[in-house]
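Trainee: Got a predicted structure here, sequence first:
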Amino acid sequence: MPRFAANLTLLFSERSVAERAIAAREAGFQGVEVLFPYTSPDWPKALEGAGLPVVLINTPALDWDSGGRGVAALPGQEARFRGEFLQALEMAETINAARIHVMAGLAEGPKAHDTFLENLSWAVGQAGTRPLTIEPINPHDIPGYFLCDFDQAAGILDTLNAPTLALQFDAYHAHRITGDVMGTWARHGHRAAHVQVAGYPGRHEPMGGEIDYSGFFARLGKDGYQGWVSGEYHPRTRTEDGLGWIA
């Protein structure tokens, strides 16, 4: 079975920040991820107190509520990206986060592509041995997101050829982008260092619905995937009532 992590931004949100990581541990999760641990000063202490590894954080998107989705691919925002990436590195050191997901942002065209490559190359150099990921996000949920295709991500990874930069494979986004999670994994799974899951439709628990998660988890095992599988979804009711998928 995979090692399962809980996304504490979405799961256990009926609890306070201070309680979420402990609740995840008690529910049987082996690790946690937090999208934006910059949003509350309570995160570092809460994560340390639970004793679970922090497997992933995102680069900041402090303007999320007004439509911001990162700036790594935004021409003219290089200085902002560098400042926010250094903030992410500092947070990763503080909470011992294993990986940082570099958010591309809303952009398009050749200049955005070049900007993303340049910023990623700089970030890889700054991060040293700390691994980074990039994640294709479907255009239905986030219209205009620069990195919206797995072949596009593969081309970027091949161009940079950096050992510490890998694919973040979200099966929910794969389903919405290609309609074929298994086929997309077959083509790109060897590039993946982190996996996220959610059901479709609704982005609820990864069980039932259109995505065959029992088959997908079996495929991960068959392929020797050693990374984390994180539940990044919106629970239908109480988080604890929908955890049959990690049993």
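Mentor: Sure, I can see it. Keep in mind that what you see is a predicted model, and the values were worked out from it rather than measured.
Trainee: Just to be sure, N119 is in a strand?
Mentor: No: read with DSSP: H, G, I helix; E, B strand; the rest coil, N119 is helix and lies in no strand.
Trainee: ok, it - contacts?
Mentor: Residues near N119 by C-beta atoms under 8 Å, 6 or more residues apart in numbering: 72-73, 78, 81-82, 85, 102. All C-beta spots, glycine's among them, are computed from the backbone N, C-alpha and C.
Trainee: just G144 next, same as before
Mentor: Per C-beta under 8 Å, 6+ apart, neighbours of G144: 106-108.
Trainee: again, only this time at 10 Å
Mentor: G144 makes contact with 67, 69, 105-108, according to C-beta atoms under 10 Å, 6 or more residues apart in numbering.
Trainee: what's across from G31 in the sheet?
Mentor: A5 (DSSP bridges).
Trainee: residues near it, how many?
Mentor: 20 (other C-beta atoms under 10 Å).
Trainee: Might one say that it is in contact with N96?
Mentor: No: counting by C-beta atoms under 10 Å, G31 stays clear of N96, with 11.4 Å between them.
Trainee: shared neighbours, these two?
Mentor: 53-54.
Trainee: for the lowest-mean-pLDDT helix or strand in the chain, the distance to its chain's centre please.
Mentor: Lowest by mean pLDDT, DSSP states H and E among the helices and strands of the chain is helix 43-50, with a mean of 94. Distance of helix 43-50 from the chain centroid (C-alpha atoms, centre = their mean, to the nearest Å) equals 20 Å.
Trainee: Contacts for that helix, please.
Mentor: By C-beta under 10 Å, 6+ apart, helix 43-50 touches 8, 16-26, 29, 32, 34, 36-37, 40, 53-54, 57, 91, 94-97.
Trainee: Drop anything exposed from those residues.
Mentor: Neighbour-count burial (16 or more other C-beta atoms under 10 Å) applied to these gives 8, 17, 19-25, 29, 32, 34, 36-37, 53-54, 57, 91, 95, 97.
Trainee: Just give me the closest of the contacts of G144 to I142.
Mentor: Closest to I142 out of the contacts of G144 is R69 (5.9 Å), distances taken as C-beta to C-beta.
Trainee: quick one: that closest one and P139 touch, right?
Mentor: No: with contact defined as C-beta under 10 Å, R69 does not count as touching P139 (11.9 Å).
Trainee: In terms of neighbours, single out the busier of those two.
Mentor: Counted by other C-beta under 10 Å, R69 and P139 do not tie: R69 has more neighbours, with 21 against 14.
Trainee: ok, now which ones touch that one?
Mentor: When contacts are taken as C-beta under 10 Å, 6+ apart, R69 is in contact with 58, 61, 63, 103-107, 137, 142, 144-146.
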